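In: would you be able to build a 3D model of this:
(one chain, ligands or ions: 2)
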Amino acid sequence: MLTCSRHSVFVTGNKYKLMEVQAILKGTVDLESHKVDLPELQGTPEDIAAEKCRIAAEKLQGPCITEDTCLCYNAMNGLPGPYIKWFMESIGHEGLNRMLDGFQDKTAYALCTFAYSKGPGHDPVIFDGKTPGRIVPARGPPDFGWDAVFEPDGFDQTYAELDKDVKNTISHRFRALEKLQAYLAAEKASE
Ligand SMILES: O=P(O)(O)OP(=O)(O)OP(=O)(O)OC[C@H]1O[C@@H](n2cnc3c(O)ncnc32)[C@H](O)[C@@H]1O
Ligand SMILES: [Mg+2]
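Out: Numbers count the residues shown, from 1 in each chain. Ligands and ions are numbered 1, 2, ... in the order given. Reported below is the predicted structural model:
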């Protein structure tokens, strides 16, 4: 859970996401953490992100922010995309590489979609961030999801090998949060 000056709350069950969001927003937004179990939905990344936020706002009966993360293979027209969580849990880093065995194109992109709702009954606003890269055999600490198999463009290190401070200035999450921050700041200024 993340509380900003407008008492909005970041809802996630993923402690690594929360740590990154806290590190990226540090100093600009007051954070507070709380875990709520949200359903894994199907659809386009944008529709999933919006619906996830609607459900969280209903559960909390108040304003909130949620985020959904995709890992999209270009050779597979964007899949596994929003279903990456199940692929990661079922087949692991090696399987995520093997899926591309029959393809020359190993490029992929990480996509983060934040959604912000003013509360139940309010349509969520969407903010996305994308980082292009490619899928490589796992290197670096295996702690956070598929970090070890994603090498962002312009780097010869995987997300997992990169210093956290570096990942947090080029990541899909950082890019989406930049937009969300600007939106919240403008909203606050107009009050
Ligand atoms: O409660 P929520 O916020 O939904 O947390 P989650 O862990 O279920 O997250 P998602 O539904 O967005 O699924 C995304 C999957 O990708 C993983 N993931 C998310 N961000 C990542 C990142 O920056 N690097 C590596 N793996 C990441 C995450 O661990 C999940 O397995
Ligand atoms: Mg989830």
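
In: all contacts plus neighbour counts: C-alpha atoms, from now on.
Out: OK.

In: mean confidence for the host helix or strand of residue 46?
Out: In this structure, residue 46 sits in helix 45-60 according to DSSP states H and E. Summarised as a single mean, pLDDT over helix 45-60 is 94.

In: contacts for that helix?
Out: Applying CA atoms under 8 Å, 6 or more residues apart in numbering, the contact partners of helix 45-60 are 11, 38-39, 41-42, 63-68, 70, 81-82, 113-126.

In: kindly recompute the last result at 6 Å.
Out: Residues outside helix 45-60 that contact it (CA atoms under 6 Å, 6 or more residues apart in numbering) are 41, 63, 64, 66, 68, 115, 119, 120, 124.

In: same for ligand 1: which of these are within range?
Out: Under the cut-off given by CA under 6 Å from any ligand atom, ligand 1 has residue 68 from the contacts of helix 45-60 close to it.

In: out of the contacts of helix 45-60, who has the most neighbours?
Out: For the contacts of helix 45-60, the largest number of neighbours (other CA atoms under 10 Å) sits with residue 64, at 29 neighbours.

In: ok so, going back, nearest to ligand 1, of the contacts of helix 45-60?
Out: Taking CA to the nearest ligand atom as the measure, ligand 1 lies nearest residue 68 of these, at 3.7 Å.

In: so which strand or helix has that closest one?
Out: Using DSSP H and E, the element containing residue 68 is strand 64-73.

In: what's the answer for residue 188, then?
Out: Counting by DSSP H and E, residue 188 is found in helix 172-189.

In: that older thread, redo the contacts of helix 45-60 as CSV? Include pLDDT and distance to residue 142.
Out: Listed next are the contacts of helix 45-60 as CSV, based on pLDDT from 0 to 100; distance: CA to CA, whole Å:
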residue, pLDDT, distance to residue 142
41, 94, 25
63, 88, 34
64, 90, 30
66, 93, 24
68, 96, 20
115, 96, 28
119, 92, 36
120, 95, 37
124, 98, 33
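
In: ok, so of the contacts of helix 45-60, who is nearest residue 109?
Out: Of all those, residue 109 sits closest to residue 68, with 14.0 Å by CA to CA.

In: residue contacts, that closest one?
Out: Listed by CA under 6 Å, 6+ apart, the contact set of residue 68 reads 49, 112, 113.

In: now swap in residue 14 and tell me
Out: Residue 14 sits in contact with no residue, where contact means CA under 6 Å, 6+ apart.

In: for it, give me the pLDDT.
Out: The score at residue 14 is 92. That number is its pLDDT.
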